[in-house]
Every structure is written in structure tokens, then in C-alpha cells.
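Colleague: Dropping a prediction and its sequence here:
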Amino acid sequence: RVGWIRAPAPLVSRLARLRAVHDLGGEVFSQLAAVALLRRLGDVRAAQVRTLRARHDHLCAELRARLPSWTFEPALGGQTVWVRLPRGDADSFAQVALRHGVAVPPGRSFDPAGGHADRLRLHFLFPREELSRAVNNLAVAWRSYRADGRTVSRHPLVV
């Protein structure tokens, strides 16, 4: 348990006294690891930024190549890209995508007013290969999607 608190000095002092009385101390190994990481924070941050930037750019390139009718703006920060579907709604498409092996959160889930019904939130935390596979599966799902939420069957079921 390594952590920090940001509070007025009297509160920090009081919490430190309470911890000393009620806690036998923090684990030394975790504290040493935190100190070592803090010394390298700039390097760790720079490496993470490079990784995320490369994954972001890869996701954007895959979307442009495989789903050119979808629109989006590259992310200016964070770990997600918001895409706008050209038709239908994100809730019903998310169900189709799930049947194709990709879980994507519809935009309405992130809007307390219920907006963004035509948007999906795609994150770029996965390695390139997984991002490529996900976009490929989204493209397959999109080809089978109808705006009424049903999927188009290429092989009709004979009953």
C-alpha cells in the first residue's frame, strides 16, 4: 500500500498520527519500488506516450482503411477515439459487434443525457495485432449490420 494524499497540512499531520497508531507500517518492498519508479518517471512516461501514440496512429489507419464511411477525429489526449457511425445507432451495432467478437461501448453509455447515440468509443490500449483484428471484426460486423438492428444473413436458414 503505497499512496499519497493531498490535503491541508493539519489534516495530513492528523492522518499520519492515526496511521502510526493503527498501522504497523507499509510494506518496504512496495515503497522502494515506488521510489525507484518515481526516479524514472520521465522515462516511463515518455515510453508510455510513444507506445500509446503508435497504437493510436495504427488504430486510426486501420479505421480509415477498413471502415472508410465511419468518421472520427484523432484523439488529442486520453486513450480512446470516438467514431461516428454513418447510419443506425451505436447500441444496436454494439450488439452485432459483440456477436463478431468485439465488445465496443456505445456512446450513449457515457452521456448522462442519452446523447451520442451514433457514436462508439474505441480505445487503443491493445497491441497493434489485436487492434487490427478488432477493426477487421468490426468491418465484418458492419457489413452485416442493418440500421434496424438486425443482421443481414448471407446464408438464409432453411426450415
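Modeller: Looks like it arrived, so ask away.
Colleague: Can you tell me how far residue 101 is from residue 138?
Modeller: 10 Å (CB to CB, to the nearest Å). (C-beta placed from N, C-alpha, C; glycine too.)
Colleague: before we move on, what about residue 104?
Modeller: Taking CB to CB, one finds residue 104 at 7 Å from residue 138.
Colleague: Please apply the same query to residue 33.
Modeller: Counting by CB to CB, the gap from residue 33 to residue 138 is 38 Å.
Colleague: One more: residue 90?
Modeller: Distance from residue 90 to residue 138, by CB to CB: 12 Å.
Colleague: again with residue 31
Modeller: Relative to residue 138, and taking CB to CB, residue 31 is found at 44 Å.
Colleague: For these two, work out which one has more neighbours and name it.
Modeller: Between residue 31 and residue 138, residue 138 has the larger neighbour count (other CB atoms under 10 Å), namely 26 against 13.
Colleague: Confirm that that one lies within a helix, as I assumed.
Modeller: Yes. Assessed with DSSP: H, G, I helix; E, B strand; the rest coil, residue 138 lies in a helix.
Colleague: Just the CA atoms of the helix or strand containing residue 33, as CSV, please.
Modeller: If you go by DSSP states H and E, residue 33 is part of helix 28-39. Only the C-alpha atoms of helix 28-39 are listed here, as CSV (Å, rounded to 0.1, in the frame of the first residue of the first chain):
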residue,chain,number,x,y,z
VAL,A,28,9.1,-1.9,2.5
PHE,A,29,9.4,-3.5,-1.0
SER,A,30,6.4,-1.6,-2.4
GLN,A,31,7.8,1.7,-1.0
LEU,A,32,11.2,1.0,-2.5
ALA,A,33,9.7,0.1,-5.9
ALA,A,34,7.6,3.4,-5.8
VAL,A,35,10.8,5.4,-5.1
ALA,A,36,12.7,3.7,-7.9
LEU,A,37,9.8,4.4,-10.4
LEU,A,38,9.5,8.0,-9.3
ARG,A,39,13.2,8.5,-10.1
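Colleague: who touches residue 64 in this structure?
Modeller: Residue 64 sits next to no residue when contact means CB atoms under 8 Å, 6 or more residues apart in numbering.
Colleague: name the element it belongs to?
Modeller: helix 41-66.
Colleague: List the buried residues in that helix.
Modeller: 52, 55, 56, 58, 59, 60, 62, 63, 66 (16 or more other CB atoms under 10 Å).
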